[in-house]
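*Asks:* coordinates only, sequence not included:
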């Protein structure tokens, strides 16, 4: 019998992440991939032993197919990794079935359910926005009146800025409540919203918190926390509410926040949700010297953050996650001082069919370190709230000019990407 080879199971990620990991850690991962992701991917498929395609909504089928795949290719699993919110519950169940290290199903549920996260944080004495589950537009209006507005409406689950709306009036509450119900109904088969997407999906209203928004990654292991990175978000008013247009790394740290107290907050934010060992992403707002928690997930930050971290710190968080899953030493050492870099996300300004995309002027800018384009001519662009993925064209990593406004530099670089779009009825 041939020797058994150990692999880390990467549960339900995207084709670009798969290609990244295959290039940097060849032969170390087994990718459990949604069949729809592979059908739509432009990247080359992995070798047959490297990838198992399944309907990831059918856990029994997944487990049976995984057993067969491991037997067929003489493989065993020595870790589980998940980079995507919609796949974390499946990853937790598979890790449990194989006795591998990963946050438990209840901990994942505590993270995915935004209202439950807030309740548990408040019980632990951590600050977060006042919130309430609502079941109607009238409930949203009542919350708005009670808190004095503005307020934010969002699905109970979901990720990033999907179907998140700021309400500045009672009329906004009524309109955006309907928008969320209709939007989640359109995506009821999407794993991101299961099992929350019934006829009346769970929605939460929370008080709007004004302040600087940040994202950080940290390692929780052996009862201690290690901060991996902290980035300040850049948001544009014209984009959908809550959309991170860019990330500045390292983020300029507010002087009012004590570093030791911050690490204690990181520890408590994760353990309050039942997490004991994980690489976690935490989003938060700093308001008047207070840390207001927004969202935590047992995975590293997404968007363009892995590419930004790799450029800024020469560290590969996606690859290092394989080591962490195998319970190997996590070799993460940030430089004490580093000039800022910016990860800028490129979005399409209109819906339709992408006819042309030209980035020569962008690549020729001396500030630019990296350009990644995800779309090619023929791509059907749809914009939020209809679709929160199809309008993303790629990202730019750049070193900002010192002393000049970073937001203005982001706009300038966006203008250097020339795209041609033909409006079409099928791509609205």
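*Replies:* Thanks, I have it. The model shown is predicted, which means the values in this text are computed figures rather than measured ones.
*Asks:* so when I look at residue 60, I'm seeing a helix, right?
*Replies:* Yes. Using DSSP: H, G, I helix; E, B strand; the rest coil, the assignment for residue 60 is a helix.
*Asks:* Please tell me how far it sits from residue 67.
*Replies:* 11 Å (CB to CB, to the nearest Å). Quick note: C-beta positions are derived from backbone N, CA and C, even for glycine.
*Asks:* more crowded one of those two?
*Replies:* residue 67 (11 against 7; other CB atoms under 10 Å).
*Asks:* For the more buried one, what are phi and psi?
*Replies:* Phi and psi for residue 67, reported as degrees, to the nearest 10, are phi -60, psi -50.
*Asks:* Next up, the contacts around it.
*Replies:* Residue 67 is in contact with no residue at all, counting by CB atoms under 8 Å, 6 or more residues apart in numbering.
*Asks:* what comes up buried for the helix or strand hosting residue 407?
*Replies:* Assessed by DSSP states H and E, residue 407 sits inside helix 406-415. Judged by neighbour count using 16 or more other CB atoms under 10 Å, the buried positions of helix 406-415 are 406, 409-410, 413-414.
*Asks:* elements contacting that helix?
*Replies:* strand 224-234, strand 246-249, strand 341-347, strand 392-398 (3 or more CB pairs under 8 Å, 6 or more residues apart in numbering; DSSP states H and E).
*Asks:* among those, which is nearest residue 213?
*Replies:* strand 224-234 (4.4 Å; CB to CB).
*Asks:* what inclination does the closest one have with respect to helix 406-415?
*Replies:* 70 degrees (axes from the mean of the first three to the mean of the last three CA atoms, to 10 degrees).
*Asks:* Spatially, and excluding backbone neighbours, which residue is closest to residue 298.
*Replies:* residue 278 (3.9 Å; CB to CB, 6 or more residues apart in numbering).
*Asks:* Can you name the residues that contact that neighbour?
*Replies:* Residue 278 touches 102-103, 219-220, 270, 298-299, counting by CB under 8 Å, 6+ apart.
*Asks:* Go through the residues you listed and name the one nearest residue 337.
*Replies:* Nearest member of those to residue 337, counting by CB to CB, is residue 219, at 21.0 Å.
*Asks:* Who are the packing partners of the host helix or strand of the closest one?
*Replies:* In the assignment (DSSP H and E), residue 219 maps to strand 212-221. Counting contacts by 3+ CB pairs under 8 Å, 6+ apart, strand 212-221 is packed against strand 224-234, helix 259-271, strand 278-287.
*Asks:* Would you map the helices across this structure?
*Replies:* Counting by DSSP state H, one finds helices in the chain at the ranges 15-24, 35-40, 59-72, 88-98, 105-112, 114-123, 137-147, 170-186, 259-271, 305-313, 317-325, 360-363, 406-415.
*Asks:* quick one: which of those is nearest residue 370?
*Replies:* Short answer: helix 305-313, nearest of these by CB to CB, at 6.1 Å.
*Asks:* And for the strand holding residue 219, what's in contact with it?
*Replies:* 225-233, 235, 244, 247, 251, 254, 266-267, 270-271, 275-286, 294, 300-301, 305, 317, 324, 330, 332.
*Asks:* of those residues, buried ones?
*Replies:* Buried, going by 16+ other CB under 10 Å: 225-226, 228-233, 235, 244, 247, 251, 254, 266-267, 270-271, 275, 277-286, 294, 300-301, 305, 317, 324, 332, out of the contacts of strand 212-221.
*Asks:* ok, residue 392 - how many residues close by?
*Replies:* Residue 392 has 17 nearby residues by other CB under 10 Å.
*Asks:* got it, and the one 5 residues further on?
*Replies:* A total of 22 residues lie near residue 397 under the criterion other CB under 10 Å.
*Asks:* Quickly note the distance from it to residue 413.
*Replies:* 11 Å.
*Asks:* right, so of the helices and strands packed on helix 406-415, which gets closest to residue 310?
*Replies:* strand 392-398 (8.8 Å).
*Asks:* now the closest one: mean pLDDT?
*Replies:* Averaged over strand 392-398, pLDDT sits at 96.
*Asks:* got the angle for that strand vs strand 341-347?
*Replies:* Put simply, strand 392-398 runs at 160 degrees to strand 341-347, going by the same axes, to 10 degrees.
*Asks:* how far out from the middle of the chain is strand 392-398?
*Replies:* Between the centre of strand 392-398 and the centre of its chain there are 15 Å (CA atoms, centre = their mean, to the nearest Å).
*Asks:* And stretch 100-114, by the same measure?
*Replies:* Centre to centre, stretch against its chain (CA atoms, centre = their mean), the figure for stretch 100-114 is 15 Å.
*Asks:* List the contacts of that stretch.
*Replies:* So stretch 100-114 is contacted by 9, 77-80, 82, 85, 88-89, 91-96, 116-117, 120, 131, 154-158, 204, 273-278, 295-298, 325, 327 (CB under 8 Å, 6+ apart).
*Asks:* quick one: buried residues of stretch 342-359?
*Replies:* Quick answer for stretch 342-359 (16+ other CB under 10 Å): 342-348, 351-354, 357, 359.
*Asks:* Widest-spaced pair of these?
*Replies:* Farthest pair in the buried residues of stretch 342-359, by CB to CB: 342 and 353, 29.9 Å.
*Asks:* Could you report the separation of residue 307 from residue 247?
*Replies:* Taken as CB to CB, the span from residue 307 to residue 247 is 10 Å.
*Asks:* That'll do, ta.
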